[in-house]
Structures are given as C-alpha cells and as structure tokens.
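Novice: here are the coordinates; sequence isn't available:
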C-alpha cells in the first residue's frame, strides 16, 4: 500500500520540481512519437532487458502491454518475460529489495509513472549523460542527476564518456563559468545516432507506460468535442427556426 501511495504522489508532484537537472544542464528534446508502435515495441524490449532486473513497473501488466503495442501473447511470454509466470501478471522486479539496497545504496524506484514525474526530456537527457567517474562506487556519474546510485546500464551500447570542462568568460560582467561537456572516449556497440534512437525508444515506452490510455483518451476527446460542436450548430439553427415567428 505504501508503495502504491508513493507512486501516486510522484505522479501528482509538480514536474518542475521533480525534473530539476544538475547545475548548468540544458535538457534536450526527446522528440518521441507515441503513435509509433515499432518504437514502443523496441522500447519495451530495451526496458525488460536493461531496466526490469532492478526497476519494477508494478502498475503495468504484460498482457496489457502486449495488447496495446500489438505484440502477440506468445511473443510476450517468450521474449519479454524472463521470470516465468503468466502474461496477466504485473511487471514486478527480479532483484530483491535488500540486495538492491546493498549494491546501490537505495532501492531502485518503480518506473510505472516515472515519465509523468520527471518528464520525457529529463529522461532522454539523463540516459545519455552518464560519464566515467572512478571516485563513485558504480564507476559512473551523471550530469543531470549528480551522484546518482544507478550505474550506466546501457554502457555497452553507448560506450564510455568522459567530462570535458571548459571555462567561458562572460564579457558583460567578467565572470567565468565552467561548462561541462561529455566526450565519447570508448565507442560502444551502437553509433551515437543509433544510441540516441535506442534511448528515444525507451523513453517513448516509459511515457506510454505512465498512462497507457492517454492518447486514446485524447483521440476520443477530440471526436467528442467535434460532435458537441456540430450539435451546438444544429441546436442554434433549430432554436432560430422555432423562434423566427416571435422575433
């Protein structure tokens, strides 16, 4: 019950508060396409392969995901479920909470509504902002979320980045500012363009998972508004027809 309450509070919290990034970090646009089912399918595969071992999605069922994304139940069972069970079950985490706390210092949060809490631009920038930091117990750090306990789980795909610090002088008042950029020093299995698409697919799926019926609801809402507008026109014309002899 406490876990569900925490998820709800995160969903209702102001995005401007939760989406705060590290100092001087500009969030990049995710430019996701929620109508692209192929992107959502790729994102689901990335999520279960790289995220679900530590992070749960306790508000989503495998069956619902498969139906929404056009994935056959058999494919869901064989390719997206690694702990057995039935497709009607919730997407629970495989790692025990005590083990996760020992390894990472805290229990990884549930990701059911993380896109609603953080925002898609924050997630997109965050997943691409890991860099090597030997002083950290995970060996990595993050520009968007400094000193985060999560390691870079996508490092094999992305490669290894290192920070490059440059000093920029403000000619208006003479103050100096440090700008940190990340440089790829060890290429991964994917090119930077391919990795950007991978992260975009993952964020697209996380956005879908936060409210699966959101875009269907908006589409239906547009139809309802058009119907009401047409009904309003007919009502006005009918009113004029009834009252023309009086006015």
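Specialist: Received it, and whenever you're ready, just let me know what you need. Small disclaimer: the values here were computed from a predicted structure and weren't measured. Numbering: from 1, shown residues only.
Novice: For stretch 208-219, buried residues please.
Specialist: 208, 209, 210, 212 (16 or more other Cβ atoms under 10 Å). To be clear about C-beta, it is placed using only N, CA and C from the backbone, and glycine gets the same treatment.
Novice: can you check stretch 63-73 too?
Specialist: For stretch 63-73, using 16+ other Cβ under 10 Å, the buried residues are 63, 64, 65, 66, 68, 69, 71.
Novice: what do you get for stretch 236-243?
Specialist: Here stretch 236-243 shows no buried residue, counting by 16+ other Cβ under 10 Å.
Novice: now that stretch: how far from the chain's centre is it?
Specialist: Using Cα atoms, centre = their mean, to the nearest Å, the mean C-alpha position of stretch 236-243 is found 51 Å from that of the whole chain.
Novice: Report the mean confidence score over that stretch.
Specialist: When pLDDT is averaged over stretch 236-243, the result is 86.
Novice: Give me the contacts around that stretch.
Specialist: The contact list for stretch 236-243 (Cβ atoms under 8 Å, 6 or more residues apart in numbering) is empty.
Novice: Could I get the full set of helices for this structure?
Specialist: According to DSSP state H, the chain carries its helices in the segments 2-12, 15-18, 37-46, 62-69, 73-79, 97-104, 114-118, 120-127, 155-158, 192-210, 214-243.
Novice: Out of those helices, name the one with the poorest average pLDDT.
Specialist: Of all these, helix 15-18 has the smallest average pLDDT, which comes to a mean of 38.
Novice: So this protein: which segments form each domain?
Specialist: Listed by automatic domain parsing, the domain ranges of the chain are 2-212, 218-247.
Novice: Please identify the most buried of those domains.
Specialist: domain 2-212 (a mean of 16; mean count of other Cβ atoms under 10 Å).
Novice: picking that back up, mind putting the helices of the chain into CSV with distance to residue 87?
Specialist: Shown next, in CSV, are the helices of the chain (distance: least, Cβ to Cβ, whole Å):
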stretch, distance to residue 87
helix 2-12, 22
helix 15-18, 32
helix 37-46, 13
helix 62-69, 4
helix 73-79, 5
helix 97-104, 24
helix 114-118, 23
helix 120-127, 26
helix 155-158, 27
helix 192-210, 16
helix 214-243, 21
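Novice: Any idea which of the ones you listed gets closest to residue 180?
Specialist: helix 120-127 (13.2 Å; Cβ to Cβ).
Novice: who does that closest one touch, helix- and strand-wise?
Specialist: On a contact count with 3 or more Cβ pairs under 8 Å, 6 or more residues apart in numbering; DSSP states H and E, helix 120-127 meets helix 114-118, helix 192-210.
Novice: Need the residues that contact that helix.
Specialist: Under Cβ under 8 Å, 6+ apart, the answer for helix 120-127 is 19, 21, 25-30, 32, 114-115, 118, 142, 144-145, 154, 199-200, 202-204, 206-207.
Novice: repeat that for 7 Å
Specialist: Contact with helix 120-127 is made by 19, 21, 27-30, 32, 114-115, 142, 144-145, 154, 199-200, 202-203, 206-207, as judged by Cβ atoms under 7 Å, 6 or more residues apart in numbering.
Novice: now do stretch 96-116
Specialist: 3, 7, 10-11, 51, 54-60, 123, 149-150, 206-207, 209-211.
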